[in-house]
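**Student:** Next come a sequence and a model predicted from it.
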Amino acid sequence: MAYVESILQKCTSFPQIRQLHAHLLVTGLFLLHYSRSKFIDFAPPPPPPPCPTARHLRSVPPPDHDWNALIRGHAQSHHPINAITCYLLMSRAPCKSDALTCSFFLKACARALAPIESFQMHAHVLKLGFDADVLLQTTLLDAYAKFGDLDSACKVFDKMSKRDIACWNALISGLAQGNQPHEALKLFDKMTQSNMMPNEVTVLGALAACAQLGAIGEGERVCDYIKINRFDENVIVCNAVIDMYAKCGMVEKAYSVFEGMRCCKSIITWNTMIMAFAMDGDGEKAMELLSRMGGAGAAPDDVTFLAALCACNHSGMVKEGLRLFESMEDHGVRGNMKHYGSVVDLLGRAGRLEKAFDIAESMPMPPDAVLWQTLLGAAKTHGNVEMAERASRRLAEMGSSACGDFVLLSNVYAAHSRWGDVGRVREAMRKKKVKKVPGFSYIEMNGAIFQFYNGDKSHPYWREIYGKVEEITSRIREFGYEAETNYVLHDIENEEKENALCYHSEKLALAFGLISGKEGSVISINKNLRICGDCHVVMKLVSKLYDTEIIVRDRTRFHRFKEGSCSCKDFW
DNA sequence: CTAGGGTTAG
């Protein structure tokens, strides 16, 4: 057997390991051989399509001590759920789980999004007495975070007897990724106040949280920390910094980081920067960067093209976008769902709805709901009832019942004064109990973040804020503003009478910003949905009459209001 | 009588 060992050690490629595997099968030694982890590690990642070699390796019952390798292999595969089945088989064998078994199993649960099994394993971990194992507890915490059970993740964290850097990081990024950026930043602050020194991974979590919130103040502080500790020599950190600046509306800053990088750029660096220009609606800069990639030795991939297409969408570059889409194959990139969605968006914006529909019908994969929603949105923009109905029908067939879909369709009818149809759609919404996504906005002020819902009256100074809204309205009215009641119908989130148009969350945030911000400072607002047409008009007028710059981050892009106009050129 | 575990950007 010794010779097998030494050959095994020397294997460095899949063909080599396959030869050895074949030899062992032929000689019957495979069943006797004790360590199969290396074989499993080498088995190539597919299925799909199922790889016969890997399947064989996984179907032969292993000797007792090899279960961990098998579970680990499954956990990392395309079908992590098999690790769970494998664990069940193991529990029938005369073999005990150790901390590693639990760890691999939990990793599989996290990847397979299997909360119940994780819960069971948690009980097991307690029973087996592994509560003091920091690594295992971190895996457990991460599993909870990955499927969004952040309460349980926090509980695991609180109960840990010792906490090292990785478990802090796991919770910080878990919170950031689980839509709790406030909590993530709180934890980050708590960490810096304790004796734990944030490392590269920690700042990634913190930056992600800042990016989500558009919290530039906090973001700058994290960047200072990064510079002091020379974390900016790490590409991953640089990428996250660029992304953070971009999402806080500071493309120039993002670009200066991009240009000043002392480490090698990765494909993700380029993609992040192109996406940054896209969000800013600067299609030309995005395309310019794309053309610079080749010279820098970077080959554009699927994400690069998606980012560039997105940039074309946001700046009305229809021709360029279509040309780009057609050039993808020359670069060996096959279009995926998102690319097709992007093209449908592009054509839809240009009013070429039939062409967009044809693409949706003939693309190589069945369109998803998002794609039909895109077409529906375009149909609404161009007031095309028939196309809106077609898209809505597809959505209904797919069982999608998002609030926005119904509202869009109803808006198209409303634009044609087809009130009977409007009523019918509203009735369908009631019947299906469609849930609305509440609209809210954030504003950062003196380092703190304030959140407003539509019609929000929970702020201690809400009376002052509402008073300011009224002042704004009457002042801009002198300059010809008229509340576009049309938008009450067109507006996605505004349905309730009490959440009338003028108390949209972004208007409340704006009023609050005008009251409490320093004179001449930029007002920066983040919104979870798209900005509505009326708010857009108001922002433009306020930027002129109050002589202030306003930046609104939408669900998908930025609007910079200055001297009465917006950077999106009313195109969004 | 091995080795095998946690946090990480678009």
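**Tutor:** That came in fine, so what should we check first?
**Student:** buried residues in stretch A:445-458?
**Tutor:** For stretch A:445-458, the neighbour count (16 or more other CB atoms under 10 Å) marks A:Met445, A:Ile449, A:Phe450, A:Gln451, A:Phe452, A:Tyr453, A:Asn454, A:Gly455, A:Asp456 as buried. For every residue, glycine as well, the C-beta is placed using N, CA and C.
**Student:** of those, closest to A:Val241?
**Tutor:** Proximity of the buried residues of stretch A:445-458 to A:Val241 (CB to CB) peaks at A:Ile449, which lies at 19.8 Å.
**Student:** got the contact list for stretch A:304-323?
**Tutor:** Outside stretch A:304-323, the residues that touch it by CB atoms under 8 Å, 6 or more residues apart in numbering are A:267, A:270-271, A:274-275, A:277-279, A:281-284, A:286-287, A:290, A:293, A:300, A:324-325, A:328, A:331, A:333, A:338-339, A:342-343, A:345-347, A:349-350, A:556-557, A:568-569, A:571-572.
**Student:** are any of the residues you listed buried, and which?
**Tutor:** A:270-271, A:274-275, A:277-279, A:281-283, A:286-287, A:290, A:293, A:300, A:324-325, A:328, A:333, A:338-339, A:342-343, A:345-347, A:349-350, A:557, A:568, A:572.
**Student:** Give me the subset of those that also touch DNA strand B.
**Tutor:** Restricting the buried ones among the contacts of stretch A:304-323 to those within reach of DNA strand B (CB under 7 Å from any atom of the strand) leaves A:Asn271, A:Met275.
**Student:** which ones among the buried ones among the contacts of stretch A:304-323 are found in helices?
**Tutor:** Using DSSP state H, the subset of the buried ones among the contacts of stretch A:304-323 located in helices is A:270-271, A:274-275, A:277-279, A:283, A:286-287, A:290, A:293, A:324-325, A:338-339, A:342-343, A:345-347, A:349.
**Student:** Could I get the full set of helices for the stretch 301-450 of chain A?
**Tutor:** A:302-314, A:318-327, A:337-349, A:353-362, A:369-381, A:385-397, A:403-415, A:419-432 (DSSP state H, counting those that start in this stretch).
**Student:** which other helices and strands contact the longest one?
**Tutor:** Helix A:419-432 sits against helix A:403-415, with contacts defined as 3 or more CB pairs under 8 Å, 6 or more residues apart in numbering; DSSP states H and E.
**Student:** for the fourth one, same thing?
**Tutor:** For helix A:353-362, the elements it packs on are helix A:337-349, helix A:369-381, helix A:385-397, judged by 3+ CB pairs under 8 Å, 6+ apart.
**Student:** So what's the gap between that helix and the chain middle?
**Tutor:** Helix A:353-362 sits 27 Å away from the centroid of its parent chain (CA atoms, centre = their mean, to the nearest Å).
**Student:** Over to the third one?
**Tutor:** A distance of 19 Å separates the C-alpha centroid of helix A:337-349 from that of its chain, computed with CA atoms, centre = their mean.
**Student:** starting at the chain centroid, how far to stretch A:220-232?
**Tutor:** Counting by CA atoms, centre = their mean, stretch A:220-232 is centred 24 Å from the centre of its parent chain.
**Student:** Same question for stretch A:502-512.
**Tutor:** 26 Å.
**Student:** for the record, mean pLDDT for that stretch?
**Tutor:** Stretch A:502-512 carries an average pLDDT of 88.
**Student:** Kindly report the same for stretch A:90-104.
**Tutor:** Computed over stretch A:90-104, the average pLDDT equals 91.
**Student:** Name whatever forms a beta bridge with the residue in the stretch 401-550 of chain A positioned nearest to DNA strand B.
**Tutor:** Nearest to DNA strand B in the stretch 401-550 of chain A, going by CB to the nearest atom of the strand, is A:Asn526, at a distance of 15.6 Å. In this entry, A:Asn526 is beta-bridged to A:Tyr442, A:Arg553, by DSSP bridges.
**Student:** Wait, it touches A:Gly214, no?
**Tutor:** Yes: using CB atoms under 8 Å, A:Asn526 is in contact with A:Gly214, at 4.1 Å.
**Student:** ok so, going back, in CSV, list the helices of the stretch 301-450 of chain A along with mean pLDDT.
**Tutor:** What follows is the helices of the stretch 301-450 of chain A, written out as CSV (pLDDT from 0 to 100):
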stretch, mean pLDDT
helix A:302-314, 96
helix A:318-327, 95
helix A:337-349, 95
helix A:353-362, 96
helix A:369-381, 94
helix A:385-397, 95
helix A:403-415, 88
helix A:419-432, 88
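**Student:** Please tabulate those in a markdown table and include distance to A:Ala184 as additional columns.
**Tutor:** What follows is the helices of the stretch 301-450 of chain A, written out as a markdown table (distance: least, CB to CB, whole Å):
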| stretch | distance to A:Ala184 |
| --- | --- |
| helix A:302-314 | 25 |
| helix A:318-327 | 35 |
| helix A:337-349 | 27 |
| helix A:353-362 | 38 |
| helix A:369-381 | 27 |
| helix A:385-397 | 34 |
| helix A:403-415 | 28 |
| helix A:419-432 | 35 |
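**Student:** between those, which gets nearest to A:Asp151?
**Tutor:** Closest among the helices of the stretch 301-450 of chain A, using CB to CB: helix A:403-415, at 26.8 Å.
**Student:** who touches the closest one?
**Tutor:** A:373, A:376-377, A:379-380, A:383-385, A:388-389, A:392, A:395, A:419, A:421-422, A:425-426, A:428-429, A:434-437, A:489-492, A:495.
**Student:** That one to helix A:369-381, inter-axis angle?
**Tutor:** With axes from the mean of the first three to the mean of the last three CA atoms, to 10 degrees defining the directions, helix A:403-415 sits at 20 degrees from helix A:369-381.
**Student:** Cheers, nothing more for now.
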